[in-house]
Every structure is written in C-alpha cells, then in structure tokens.
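*Asks:* Sharing a sequence plus its predicted fold:
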Amino acid sequence: PLQRKMSFNLATGVLVAVGGCMGYAKKQSVPSLVAGLLFGGLYIYSSHLVRNGDAATGHNVAMLTSAVLAGVMGTRAARSGKLMPAGGVAILAAATGVANYLAH
C-alpha cells in the first residue's frame, strides 16, 4: 500500500511537470512551464516524503497541492468551456487529493 501511494503521487507529479513543459513547447507559455514544474515538483516531493517515512507530511503536501491545482485549473476549464487541458488537470489533481486524503 505504501508503494502504491508513493507511485500515485510520483506519476501525478511527472504528468503535471511534463504537461507544463508541453504547454511551453507548444505555445511558449512560461506560466505553464513554471506552474507545471512547481506543482509537479511538489507532488514528486510528497512522494519522496511518503517513501522515506514521513507519510503524514507527504500526504498533507499532496492534498494542499491538489486543492490549489484543482481550484485553479477547474476555474480555467469552467471559463474556457474546454475539458482539455485544464479540466483534465483539475480532475487529476482532485483524484490525487482524494487518494491522499484516504491514505492519510
């Protein structure tokens, strides 16, 4: 179970970071790059904390990261009326937050 929790945060972090890089590559969006690397890095850090025995802090970092990312990207998706990419990121962040809440 511990390995699964850590892997979920790690996978989310990599997806978010890669998404930010893709946003930069496609549209030269520096905010996408910075946000992707920041939020992705926080998820990866949370995975590291869980893996190294500080599960409570790791889950808290992931839940806070998820709340902020889901809120920001959910708002963007609602304003644009498009599911991708903002809505997909919001759903991923919400799912990651719920998984960390249940594991906490």
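*Replies:* Yep, that arrived.
*Asks:* Do I have it right that Leu92 meets Thr12?
*Replies:* Yes. Using C-beta atoms under 8 Å, Leu92 makes contact with Thr12 at a distance of 6.2 Å. Where you see a C-beta, it was placed from the backbone N, CA and C, and this is true even at glycine.
*Asks:* higher neighbour count, those two?
*Replies:* Thr12 (29 against 20; other C-beta atoms under 10 Å).
*Asks:* What average pLDDT does the helix or strand that one falls within get?
*Replies:* Assigned by DSSP states H and E, Thr12 belongs to helix 2-27. Average pLDDT, helix 2-27: 89.
*Asks:* helices or strands up against whatever helix or strand comes next after it?
*Replies:* Note on helix 2-27: by DSSP H and E, the next helix or strand toward the C-terminus is helix 30-51. Here helix 30-51 touches helix 2-27, helix 55-80, going by 3 or more C-beta pairs under 8 Å, 6 or more residues apart in numbering; DSSP states H and E.
*Asks:* Going by neighbour count, list what's buried in helix 30-51.
*Replies:* 32-33, 35-37, 39-40, 42-51 (16 or more other C-beta atoms under 10 Å).
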